[in-house]
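Novice: Here is a sequence together with a model predicted from it:
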Amino acid sequence: MKRYVIVISVVVFHCCFTSAENAVYYATNFDDLALGPTQHHPGSETQDWWFYGVRPDFDEIQDEIVVKCGRALRLHVSIDDDPFEQTIVKREIAPPDLSRSPVVTLEADFYAVTSDQEAVNEYYTTLGVFGGPHPGYCIMEFGLFSGNGTAKNVRNVNVGIAYFNGVDNNVPVALTVGQGLAWETWHHVKLVIDQRADCYVSLTVNGDTELLGDYALPRSFDWDAQEWKRGQLIDHIQACIHALHWDTDKSSDDIYWDNLTLYSHCPLKADLSGDCKVDMEDFALFAAEWLMGT
Ligand SMILES: [Ca+2]
Ligand SMILES: [Ca+2]
């Protein structure tokens, strides 16, 4: 009995300080992709199947700005765009089985540009992962915000995420990291969610981490069922930028994405059987080898 207690304590201690291998679902630095605008769905193999969502020629694989390592994906909205016009670029993904690796991470570098930093119209762009049970369900996403009543060179660039508060996703998380970021500078964002626990895990921006385990993941409204539902099946990555002009203030805006990675893992080191659960099956495996060879 005494040995049993000791074994349990060793396992629990171990699982809190280690993590399992990552399952990578998509990763690109865009460097080997063909230059130029993305193509209509399903896209071109030369551009690793990135395709435009709603309108052509407002996005491109490019290497003309100061890119820290080769090519990057650029999305653009014009000062001549109608308000609420948007540029969307997508990349489909074979839906992964998250049951054995429910902690999902989306990482990317971004470089934000606006033609008029003194203008107060809104700058708004997003990077997210979407999927089923019906197309368009948000699995995880973060936005980059500026302007909206304050000059963009005063507010600078701010990371934002939504959470489900029991009613809707309309009240953003009050973040402390990723706020007041410089324009025309590369920044790194790492967003981690726990799909099984239905909560965020953390947000890391330029090395600063904020824990977000108290926040439920966003829902999407199912108009047929008239209820909010949580997406379960990842099927594409999506980048978007919006033209949000004011009558008095307009701007051409760009976002550049690079070094994009989507992966997941099981956080339970004591899961020896590989099902991302720790139960008697794992204990039996552990006990069977306890003190073997000693
Ligand atoms: Ca690159
Ligand atoms: Ca197990």
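Specialist: Happy to help now that I have it. Ligands and ions are numbered 1, 2, ... in the order given.
Novice: and the gap between residue 206 and residue 137?
Specialist: Counting by CB to CB, to the nearest Å, the gap from residue 206 to residue 137 is 29 Å. C-betas here are computed from N, CA, C, even on glycine.
Novice: For these two, indicate the residue with more neighbours.
Specialist: residue 137 (22 against 13; other CB atoms under 10 Å).
Novice: Tell me if I'm right that residue 70 and residue 35 touch.
Specialist: No - counting by CB atoms under 8 Å, residue 70 sits too far from residue 35 to count as a contact (10.9 Å).
Novice: intersection of neighbour lists for those two?
Specialist: Counting by CB atoms under 8 Å, 6 or more residues apart in numbering, the residues touching both residue 70 and residue 35 are residue 63.
Novice: what's the nearest residue to the spatially most central residue of the chain if we skip its chain neighbours?
Specialist: In the chain, the residue lying closest to the centroid (CA atoms, centre = their mean) is residue 106, at 4.0 Å. Computed as CB to CB, 6 or more residues apart in numbering, the closest residue to residue 106 that is not its neighbour in sequence is residue 191, at 5.0 Å.
Novice: What pLDDT does the model give the one you found?
Specialist: Residue 191 carries a pLDDT value of 98.
Novice: and what of residue 134?
Specialist: Here, the pLDDT recorded for residue 134 equals 75.
Novice: Against ligand 2, how distant is it?
Specialist: To ligand 2, residue 134 is 32 Å away according to CB to the ion, to the nearest Å.
Novice: right, and that residue touches residue 222 too?
Specialist: Yes - proximity of residue 134 to residue 222 meets the contact threshold set by CB under 8 Å, at 7.1 Å.
Novice: tell me the SS of the residue in the chain that ligand 2 sits nearest to?
Specialist: Residue of the chain nearest ligand 2, by CB to the ion: residue 273 (3.7 Å). Judged by DSSP: H, G, I helix; E, B strand; the rest coil, the three-state class of residue 273 is coil.
Novice: What sits closest to it if chain neighbours are left out?
Specialist: Once flanking residues are discounted, residue 273 sits nearest to residue 281: 4.9 Å by CB to CB, 6+ apart.
Novice: what does residue 192 give?
Specialist: Nearest residue to residue 192 in three dimensions, chain neighbours excluded: residue 201, at 4.0 Å (CB to CB, 6+ apart).
Novice: and the one you found, what does it touch?
Specialist: Residues in contact with residue 201 (CB under 8 Å, 6+ apart) are 103, 192, 193, 194, 211, 212, 213.
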